[in-house]
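Chemist: Okay, predicted coordinates and the sequence, questions at the end:
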Amino acid sequence: MTDAPLTSLRAALPALRLLTDPADLEHYGRDWTRRWRPAPLAIALPDSAAQVQALVRWANAEGVAIVPSGGRTGLSGGAVAAHGELVVSLERMQQVLGFDAVDRTLTVQAGIALQRVQELAREHGLQYPVDFAARGSCSIGGNIATNAGGIRVVRYGNTREWIAGLKLVTGGGELLELGRALVKNSSGYDLRHLAIASEGTLGIIVEATLRLTDPPPATNVMLLALPSFDALMQVFSAFRERLQLQAFEFFTDVALTHVLAHGAQAPFAETHPYYVVTEFASDAASEAEAMAAFEQCMASGWVSDGVISASDAQAAALWRLREGITESLARHVPYKNDVSVRISAMPAFLADTQALLAEHYPHFEVVWFGHIGDGNLHINILKPENMPQEAFVADCERVTKLLADVLQRHSGSISAEHGIGLVKKPYLGCTRSAAEIAAMRGIKAVLDPNGIMNPGKLFDPD
Ligand code: FAD
Ligand code: MLT
Ligand code: ZN
């Protein structure tokens, strides 16, 4: 790579902050996958939508590929720049642009962190309900670009439900204002929804107007120990029938072992094969229903132990057992599957998947957890220490092909919430028909005519 594009970029946008230090290229060129070697051209740090637009126009003229970058907490390689792309980081675009109490909306620049948005909503007596462990580092732009889910989807839905409007600088360099925060708008295609889950392949989201809602009720957190996988969906049904659940998450003893090794406190004296963390309102009626559900599950043999939080500190300690899993596994650079099926298809899918993985991964440690109340399972395969990364990934990809067949049989998705990125690109066809993928390519060709936006992510260029 010559310096010519950078000289041209500096001349075209003299006020743009650019980083080219090797440590910065390494830092901004990768996400949490840690599988690809970062090799970006440079890192651009625009501070306004106008600067982003000028950048994109320059990139079109020069034929330079762009990788939009938020907090780089992504788990699918979507923000990886390994082929001389220009990383466009929105970290200098974190302004709060407005709050409207009547519309109950908050307008922000897209580089702002999810946790800051949650805090701002609380300061206004409201709630932004998308939530997950990367809240402190991930950005609203990245959340929108992946349609992030998390631990409250069972109650509030995915990011998509909370985007009242957004501004997108398309790959062609147009600034589109999409959605306008209208509650009702039947005036043709809703292009806002194309930007959501587009993984930076159509343009750069520069602003978002987020819907806020009533604050959550005071809650209790309950941890349940389960003797078998088969009991999982029964326990979910028993609790969901009686309570409005704020969360219903699951993990195995293997996951717990890693979190405990990472400093968490053991919840029970004995170990159990499966665990559920659930959260519900702490009013007297809800507590009574929760106890009734618990007793029903104990009597049916679906639950073998349980503990309920008596303080905020205890609730946080119980949540840590679930939310700490990703971080506790990070040093193993796990191969991640993030799959979903309809909730009703979950029991049959779980049985098939368990059989498949038991047969094909006898030699690897497999960590199961996930948002079981949404039909979303995370399966993390840990690399044995002495195994080369390439051989490990090749073996996992062989099994993922088989898993993709199981998903196709159960009408599921190869990515529930992390996105396709680089990691799941070979399996897109198990979730989307050939006609759908062709339509997606057509949409990209219209919004990104020169194919400069995050090329090679989601699908390969034509
Ligand atoms: P990045 O990783 O920077 O980028 C992700 C994708 O979005 C890339 O394709 C990138 O090009 C694109 N992008 C980023 N910003 C923009 C923009 N402004 N315009 C256009 N495209 C853009 N995800 C969940 O869904 N649920 C979870 O429960 C969850 N838990 C997590 C827990 C941990 C500990 C970690 C590390 C990750 C977790 N994730 C989870 C994954 C990740 O946090 C989400 O995918 C998040 O939405 C990514 O946001 P980001 O700002 O870090 O995006
Ligand atoms: C989670 O649910 O904890 C996240 O999606 C992160 C992960 O899958 O590792
Ligand atoms: Zn998740």
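Modeler: That came through fine. Ligands and ions are numbered 1, 2, ... in the order given.
Chemist: Please count neighbours and contacts with C-alpha atoms only from this point.
Modeler: Will do.
Chemist: list the buried ones in the host helix or strand of A439?
Modeler: Take DSSP states H and E as the rule and A439 turns out to sit in helix 434-447. For helix 434-447, a neighbour-count test (16 or more other C-alpha atoms under 10 Å) marks I437, M440, R441, K444, A445, L447 as buried.
Chemist: what does it contact?
Modeler: T170, G171, G172, T201, L202, G203, G429, G451 (C-alpha atoms under 8 Å, 6 or more residues apart in numbering).
Chemist: Give me the mean pLDDT for it.
Modeler: Confidence for helix 434-447, expressed as mean pLDDT, is 98.
Chemist: gap between it and the chain center?
Modeler: Averaging C-alpha positions (C-alpha atoms, centre = their mean, to the nearest Å) puts helix 434-447 23 Å from its chain's average.
Chemist: swap in stretch 99-109?
Modeler: On C-alpha atoms, centre = their mean, the centre of stretch 99-109 falls 24 Å from the chain's centre.
Chemist: Please list the residues outside that stretch that contact it.
Modeler: The contact list for stretch 99-109, computed with C-alpha under 8 Å, 6+ apart, reads 93-98, 121, 164, 181, 206-213.
Chemist: quick one on the thing from earlier: pick out the most distant pair among the contacts of helix 434-447.
Modeler: G172 and G429 (27.1 Å; C-alpha to C-alpha).
Chemist: So for those two, which sits in the more crowded spot?
Modeler: Neighbour count, other C-alpha atoms under 10 Å: between G172 and G429, G172 has more, with 22 against 15.
Chemist: near ligand 1, which residues of this protein?
Modeler: Residues of the chain found near ligand 1, taking C-alpha under 6 Å from any ligand atom as the criterion, are 31, 67-75, 78-79, 110, 132-134, 138-139, 141-143, 145-146, 148-151, 199-200, 203-206, 326-327, 417-418.
Chemist: burial of S311, as a residue count?
Modeler: Applying other C-alpha under 10 Å, we find 11 residues neighbouring S311.
Chemist: brain fart, E295
Modeler: Close neighbours of E295, defined as other C-alpha under 10 Å, add up to 14.
Chemist: hang on, it in a helix?
Modeler: Yes - using DSSP: H, G, I helix; E, B strand; the rest coil, the assignment for E295 is a helix.
Chemist: Can you give me the distance of it to E289?
Modeler: From E295 over to E289 the distance is 10 Å, taken as C-alpha to C-alpha, to the nearest Å.
Chemist: before we move on, what about L6?
Modeler: Counting by C-alpha to C-alpha - L6 and E289 are separated by 63 Å.
Chemist: Kindly report the same for S304.
Modeler: From S304 to E289 the distance is 18 Å (C-alpha to C-alpha).
Chemist: Could you pull up phi and psi at whichever residue of the stretch 151-300 of the chain sits closest to ligand 2?
Modeler: Nearest residue of the stretch 151-300 of the chain to ligand 2 (C-alpha to the nearest ligand atom) works out as I151 at 7.0 Å. The phi/psi pair for I151 (degrees, to the nearest 10) reads phi -90, psi 0.
Chemist: residue contacts, it?
Modeler: Applying C-alpha under 8 Å, 6+ apart, the residues contacting I151 are V130, D131, F132, A247, F248, E249, H371.
Chemist: List just the nearest of these to A281.
Modeler: Comparing these against A281 with C-alpha to C-alpha places A247 closest, at 10.7 Å.
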